[in-house]
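Enquirer: Okay, sequence plus prediction incoming.
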Amino acid sequence: MEDPDAVFHRLVAGLDYPMLVVTTQANGTRAGCLVGFATQCSIRPARFVVYLSEKNHTCRVARDAGHLAVHVLGPDDTALAELFGHETGDRVDKFGRCRWRPGPDGVPILEGCGGWFVGRILERVDGGDHLGFVLEPVEATMTDDAVGLGFQSVKGIEPGHEA
């Protein structure tokens, strides 16, 4: 019988997860990263969970944050995906390379995305090598043409931190 982990990794590698950019701020430090592990986890009350890599600068900042912003990327947002997926906040000020404004709780809101929401962090959940943040939406907006950017479109981006 084939190793279940090997089969699992081959199986999920072909899925087209939505790719999102998550931003936050805490103690005067802004952070943001490209995220592929995220999903709605409740209808009523509205809840969403985002998993951030424990190796990621954004995860370290988010541990002390009260809110996260989740941005939906469209097919034309590959440069933004590259910036937040390839660069690391340990070495680069990503927000100096894109347009943004402060949102609720000072969380950076990226300009030009098809939609976004800011969520209050209700709980942090151990997910192995990722930390889950359960969010309660407190503010949201979207354009009429909001379309998600999928994993298959960005899988060639080298992560800012090793996977």
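Expert: Thanks, I have the structure now.
Enquirer: all contacts plus neighbour counts: C-alpha atoms, from now on.
Expert: Fine.
Enquirer: Looking at residue 88 now. What's its pLDDT?
Expert: On the pLDDT scale, residue 88 is placed at 85.
Enquirer: Look up phi and psi at it.
Expert: Main-chain torsions, residue 88, degrees, to the nearest 10: phi -120, psi 140.
Enquirer: Any idea how many residues pack against it?
Expert: A total of 20 residues lie near residue 88 under the criterion other Cα atoms under 10 Å.
Enquirer: Quick check: it vs residue 28, distance?
Expert: 17 Å (Cα to Cα, to the nearest Å).
Enquirer: can you check residue 4 too?
Expert: For residue 4 relative to residue 28 (Cα to Cα), the value is 44 Å.
Enquirer: buried set for the one helix or strand residue 121 maps to?
Expert: Using DSSP states H and E, residue 121 sits within strand 115-126. Within strand 115-126, the residues scored as buried using 16 or more other Cα atoms under 10 Å are 115-121, 124.
Enquirer: need those residues in a markdown table with distance to residue 49 and pLDDT, can you?
Expert: Shown next, in a markdown table, are the buried residues of strand 115-126 (distance: Cα to Cα, whole Å; pLDDT from 0 to 100):
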| residue | distance to residue 49 | pLDDT |
| --- | --- | --- |
| 115 | 17 | 90 |
| 116 | 14 | 94 |
| 117 | 12 | 95 |
| 118 | 12 | 98 |
| 119 | 10 | 98 |
| 120 | 11 | 98 |
| 121 | 9 | 98 |
| 124 | 9 | 98 |
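Enquirer: Widest-spaced pair of those residues?
Expert: Greatest spatial distance among the buried residues of strand 115-126 (Cα to Cα): 115 and 124, at 24.0 Å.
Enquirer: surely residue 41 meets residue 47?
Expert: Yes: counting by Cα atoms under 8 Å, residue 41 touches residue 47, with 5.5 Å between them.
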